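K.L.:
sequence unknown, structure follows:
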């Protein structure tokens, strides 16, 4: 079960000047010790052309108002047992790359690949980077946020705050040197896996077609395929649900069905599909508050005996997710046991990947941010028109990020170009769209 507990900067922090330090939460450390640096994609397309200098001033304003937005990791040693974030009095210069794309959508796709090819260092302040892609008809603003700092909801809150500050064109304002509220963290209060009847086992991988995606290609790396479900299709999708099925259940079921059909058509393994499903552990009345790592996960294990069609698969997913929704608990495959928390950092980094062996590597990951609310900026250039999100890829075969805005559903598939290639990923995403929105 997941509850929330608070830690405040005033508890055991070593202060100097107007800067202070806070310990990393357990969730922060799970992602810090992951085999590779994990980054979150959050991207919006706005109504017009943004001014880079005004955007940088808006970022400075946000870092002054939100302490964790200017955090950097305090250097530790191999013997460090609990790392700390340093919250400096001022963040360094915002990292914003500006690229002219004109009317070339393919150019924007290339910029996206470059932005998410390398996750920013957690040793720098601010601990995130952005790209402003100028495009005819409306710019793209792309945020890459290390997961060790915060989760997908936090990425949304940061971008929303930046656009609000841009719209206000206000001065940075006073420096905030403490958190507005105790810093929460999600804690697992039971050592038992929530879906005891569905113990996670290894899931079959997604069949791949690496032709043309060799390691020496300039396109090699992580790719992101975007799928937009329009207003009418989204309404029809929601109307087909039967209680207690949620949209998240439908998205997960469609992903399992897609993987089953895809593997059957491409000579892939046929067997159990396991999905890690992200769980927002914030209190229900604060689902979209708080910057930090407040997400855990639940694993769905769908055996080959469940028919590869939406109705039976949705029922199976709904049944497995019911205790998770009722109790709001979960667990990360990177989460160490209680004893590991006392290990020095070098040993933690070595044993954290072993958590995946306990779970059995899931086939993929689904993370749905839900319905995102945006300020009404009218016809201003910073008014949001599209919002895209995807979680980190490693170590999954495929990741799906979802977010709803303005009654539309925005989906982003993250994939390894060395395994799939852009054309293969586009075909996989097209099949998912057909499974999700087509006749049931």
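P.N.:
Cool, the structure landed. Just so you know, these numbers come straight off a predicted model, no measurement behind them. Numbers count the residues shown, from 1 in each chain.
K.L.:
next SSE after the helix or strand containing residue 86?
P.N.:
Per DSSP states H and E, residue 86 falls inside strand 84-87. Next in sequence after strand 84-87, counting helices and strands by DSSP H and E, comes strand 96-102.
K.L.:
what's the offset of that next one from the middle of its chain?
P.N.:
Relative to its chain's centre, strand 96-102 lies at 24 Å (C-alpha atoms, centre = their mean, to the nearest Å).
K.L.:
Check stretch 314-324 too.
P.N.:
Remark: stretch 314-324 is offset 22 Å from the chain centroid, using C-alpha atoms, centre = their mean.
K.L.:
what does it contact?
P.N.:
194-195, 198, 244-246, 248-250, 252-253, 256, 277, 279, 298, 300-302, 306, 330 (C-beta atoms under 8 Å, 6 or more residues apart in numbering). Using the backbone N, CA and C atoms, a C-beta is placed for each residue, glycine as well.
K.L.:
which ones among those are found in strands?
P.N.:
Using DSSP state E, the subset of the contacts of stretch 314-324 located in strands is 277, 279, 298, 300, 301, 302.
K.L.:
nearest to residue 67, of the residues you listed?
P.N.:
Nearest to residue 67, judged by C-beta to C-beta, of the ones in strands among the contacts of stretch 314-324 is residue 279 at 25.5 Å.
K.L.:
Help me confirm that the closest one comes into contact with residue 299.
P.N.:
No: between residue 279 and residue 299 there is no contact under C-beta atoms under 8 Å: 10.7 Å.
K.L.:
any idea how far the nearest residue to residue 404 once chain neighbours are set aside is from residue 238?
P.N.:
Spatial nearest neighbour of residue 404, chain neighbours left out: residue 371 (4.5 Å); criterion: C-beta to C-beta, 6 or more residues apart in numbering. Note on residue 371: its distance to residue 238, by C-beta to C-beta, to the nearest Å, is 11 Å.
K.L.:
which residues does residue 112 contact?
P.N.:
For residue 112, the residues meeting the contact criterion (C-beta under 8 Å, 6+ apart) are 43, 133, 140, 142, 224.
K.L.:
repeat that with 10 Å
P.N.:
The neighbours of residue 112, taking C-beta atoms under 10 Å, 6 or more residues apart in numbering as the test, are 41, 43, 131, 133, 140, 142, 222, 223, 224, 226, 388, 412.
K.L.:
would you list those residues in TSV and tack on secondary structure and distance to residue 154?
P.N.:
Shown next, in TSV, are those (DSSP: H, G, I helix; E, B strand; the rest coil; distance: C-beta to C-beta, whole Å):
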residue	secondary structure	distance to residue 154
41	strand	13
43	strand	15
131	strand	19
133	strand	22
140	strand	20
142	strand	16
222	strand	20
223	strand	24
224	strand	19
226	strand	21
388	strand	16
412	strand	17
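K.L.:
Just put these in a markdown table and tack on distance to residue 269.
P.N.:
Listed next are the contacts of residue 112 as a markdown table, based on distance: C-beta to C-beta, whole Å:
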| residue | distance to residue 269 |
| --- | --- |
| 41 | 28 |
| 43 | 33 |
| 131 | 37 |
| 133 | 38 |
| 140 | 37 |
| 142 | 34 |
| 222 | 23 |
| 223 | 22 |
| 224 | 25 |
| 226 | 27 |
| 388 | 30 |
| 412 | 25 |
